[in-house]
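[1] Need a 3D model of the sequence below.
(chains A and B)
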Amino acid sequence: MKKQNHFALDEKLSEISRRDFMKFCGIMAVSMGLPIGVAPQIAEAITNPKRRPPVIWLHGQECTGCTESLLRASHPSLEHLIFDLISLDYHETLNAGAGHQAEAALHNSIKENAGKFILVVEGSTPLKEGGKYCMIGGRPFVDIVKETAAKAAAVIAIGSCASWGGVQSSPPNPTGATGLPEVLKGTTVVTIPGCPPNPYNFLSTVLYFLTFGKLPALDDKARPKFAYGRLIHENCERRPHFDAGRFAEKFGDEGHRQGYCLYKLGCKGPITNANCPSILFCDVGAGAWPVGTGHPCFGCTEQAVGFKIPLHTQAEVSQITPDAAHAPIETEQGKGLSAGAAGVLGGIAGVAIGAGAVIAKQLGQSEEGE
Amino acid sequence: MSKKIVIDPITRIEGHLKIECEVDNGKVVNAWSSGQMWRGIEVILQGRDPREAWIFTQRICGV
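    Modelled structure (predicted):
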C-alpha cells in the first residue's frame, strides 16, 4: 500500500512503523467498542497537530503507580505516541524543572490554554483539616485542583484514588481522602478506576476525545462504558470452572495448581466491573492479569469493594448461571444487585470489547503469518 | 547574612517533597527536607486481617 501523507508521524516517531501505527489505531477503535473502520479517523486525529491538546497532570495523594503503568505500556513506543499526541505541560514526576520553575509552567499553561486543556488528576484529595495532608508549593491540593479544573476542557480522574478515594479512603480514612467527582461536584469527571488502571483504558478515552471532540459514553459512576460495562466474572477465562463447580479451595492446593476458579479464595470478579480479562496487562500475552496469575481479584475498580471488603471474604454472586439441562423459560438473571444491572446496561459495549480482543489477536497472527 | 532557598515541589520523584536550605556566605549552614503528603496507611492498617496487609503497604509507593 502507498504511504499516505498523514503518516509523516512515521518519521517523527522512527520506532513506529506505519503497520504498527495502523494496528494500534485499529486496536484502539475496537477496544472502545467502535467499528474497526474508525481507525483512519483515529489516525487522522493523532497525526493532525491542530488538535494536539495541552494536558496538565496533577498529583494528589497517590503512589505514582498510575503514571508508572502508563509509562510501561509497551505497545509500539506508546509513550512516544502519548507524548507526541498531547502536549504534557505539567507533570511532577516528569517535569525537568522543579520548585518555582515547575509552578510557573503550570500557571502559564493554565493561562494560555484556558478552556482548552485536558486536566488529568492522579491521586485523591484530602479534605480533612483544610486539606493540609497534601500541600504543593505551600498550597493545599484541594485549592489547586478546584482552581485548575474550573478552566479545563475535560477532566479525567486516573486510578482508583482520583476516582473514589482509593486505598487511603479505607476506614477510618484518616485524611478525608476523597475522589474527584465528589470534590468537583457539578463538573463532569471521567473516572478510570483501577489500582493501577489499565493504561489502554486511559489512552482510549483520550483518543476518543481527540477523534470525536467529546467524551465517550459513561456509566452511572462516570466510567467509560467500553471499559467498565461488564463484570470481570462475565469475561473471566476461569468462568467455565466456576460453572462446572471446580474451585481452588486453598492457595497451592491441587485445584489452584490446575487453574480452577478462585471464587472460594475471595475473588471479587462477580462484583467488579472492568475489562481486565479482555485486554490484560503489560502486553506480554495470555494470563497477564491478577486472576490469570492465580490470585483472586480484589475489586480495585469498585468503591464499595476494593480495600473495603476483606481480601478473603467471598463475594455475593448476582448472576447465577442457569442449569443447562433444565434451562428455565424465564431467567431471573441480573436481578437484585446494582453491579449486575450495570453489567446488563453496558452489555453491548462489553461484546465489542470481546470482539476487539479477538481482532487484536488476529492482527497479531496475520502479521506473523506474512 | 544568611539566605533561605525553598524548592517546592521537588520534581522527578514519587510523592510531594519540599527542600529548604539556609545559605550563608556561599555555604549551606542548615537544611530541611519535608514530605508534603500523608495518607495514614499505618493508621488504616490497625486492626485489619494481617493476610491483606500487603494490599495496603504495597501501595505506599508505585514506582
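[2] How about the contacts made by B:S2?
    B:S2 is in contact with B:22-24, B:29, counting by C-beta atoms under 8 Å, 6 or more residues apart in numbering or on different chains. No exception for glycine: its C-beta is placed from N, CA and C like everyone else's.
[3] Throw these into a markdown table and include neighbour count, secondary structure and distance to chain A, thanks.
    Shown next, in a markdown table, are those (neighbours: other C-beta atoms under 10 Å in any protein chain shown; DSSP: H, G, I helix; E, B strand; the rest coil; distance: C-beta to the nearest C-beta, whole Å):
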| residue | neighbour count | secondary structure | distance to chain A |
| --- | --- | --- | --- |
| B:E22 | 14 | strand | 16 |
| B:V23 | 14 | strand | 15 |
| B:D24 | 11 | strand | 20 |
| B:V29 | 10 | strand | 20 |
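[4] Skipping its backbone neighbours, what lies nearest the closest residue to chain B within the stretch 151-300 of chain A in space?
    Using C-beta to the nearest C-beta, the single residue of the stretch 151-300 of chain A nearest to chain B is A:P174, 3.2 Å away. Spatial nearest neighbour of A:P174, chain neighbours left out: B:G40 (3.2 Å); criterion: C-beta to C-beta, 6 or more residues apart in numbering or on different chains.
[5] Same check on B:A31?
    In space, B:A31 is closest to B:C21, 4.9 Å off (C-beta to C-beta, 6+ apart).
[6] partners of whatever helix or strand the one you found lives in in the sheet?
    Assigned by DSSP states H and E, B:C21 falls within strand B:17-24. Using DSSP bridges, strand B:17-24 pairs in its sheet with strand B:2-7 (antiparallel), strand B:27-35 (antiparallel).
[7] Mean pLDDT lowest where, among these?
    Of all the strands paired with strand B:17-24, strand B:2-7 carries the lowest average pLDDT, namely a mean of 91.
[8] May I see the buried residues of that one?
    The neighbour-count check on strand B:2-7 (16 or more other C-beta atoms under 10 Å in any protein chain shown) flags B:I7 as buried.
[9] Return the alpha-carbon coordinates of that strand using CSV.
    Extracted in CSV, the C-alpha atoms of strand B:2-7 (Å, rounded to 0.1, in the frame of the first residue of the first chain):
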residue,chain,number,x,y,z
SER,B,2,22.1,34.1,55.5
LYS,B,3,19.7,33.5,52.7
LYS,B,4,16.9,30.9,52.5
ILE,B,5,16.2,28.8,49.4
VAL,B,6,13.0,26.9,49.1
ILE,B,7,12.3,24.3,46.4
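[10] pLDDT below threshold where in the stretch 51-200 of chain A?
    Counting by pLDDT under 70, the ranges of the stretch 51-200 of chain A that qualify are A:51, A:73-84.
[11] Show me what residue of it gets nearest to chain B.
    A:G65 (2.4 Å).
[12] what does the stretch 201-350 of chain A have sitting close to chain B?
    For the stretch 201-350 of chain A, the residues found near chain B under the criterion C-beta under 8 Å from any C-beta of the partner chain are A:298, A:307, A:310-312.
[13] Quick one, which of those are buried?
    Burial by neighbour count, 16+ other C-beta under 10 Å: within those this picks out A:298, A:307, A:311.
[14] Pretty sure the last one sits in a strand.
    Same thing as A:L311. No - with DSSP: H, G, I helix; E, B strand; the rest coil as the criterion, A:L311 is coil rather than part of a strand.
[15] how about the nearest residue to it once chain neighbours are set aside, secondary structure?
    The shortest distance from A:L311 to any non-neighbouring residue, by C-beta to C-beta, 6+ apart, is to B:E52 (3.9 Å). At B:E52 the chain is in helix, as set by three-state DSSP.
[16] I'd like to know which helix or strand in chain B has the lowest mean pLDDT.
    Least confident helix or strand, chain B: strand B:2-7 with a mean of 91, by mean pLDDT, DSSP states H and E.
[17] list the contacts for the residue lying farthest from the centre of chain B?
    Distance from the C-alpha centroid of chain B peaks at B:M1, with 29.0 Å (C-alpha atoms, centre = their mean). Going by C-beta under 8 Å, 6+ apart, B:M1 touches B:D24.
[18] do the same with A:P40
    Contact analysis of A:P40 by C-beta under 8 Å, 6+ apart lists A:C25.
[19] Kindly confirm my reading that A:F209 is in a helix.
    Yes - when three-state DSSP is applied, A:F209 is found to be in a helix.
[20] hang on, isn't it packed against A:I118?
    Yes - the pair A:F209 and A:I118 qualifies as a contact (C-beta atoms under 8 Å) at a distance of 7.1 Å.
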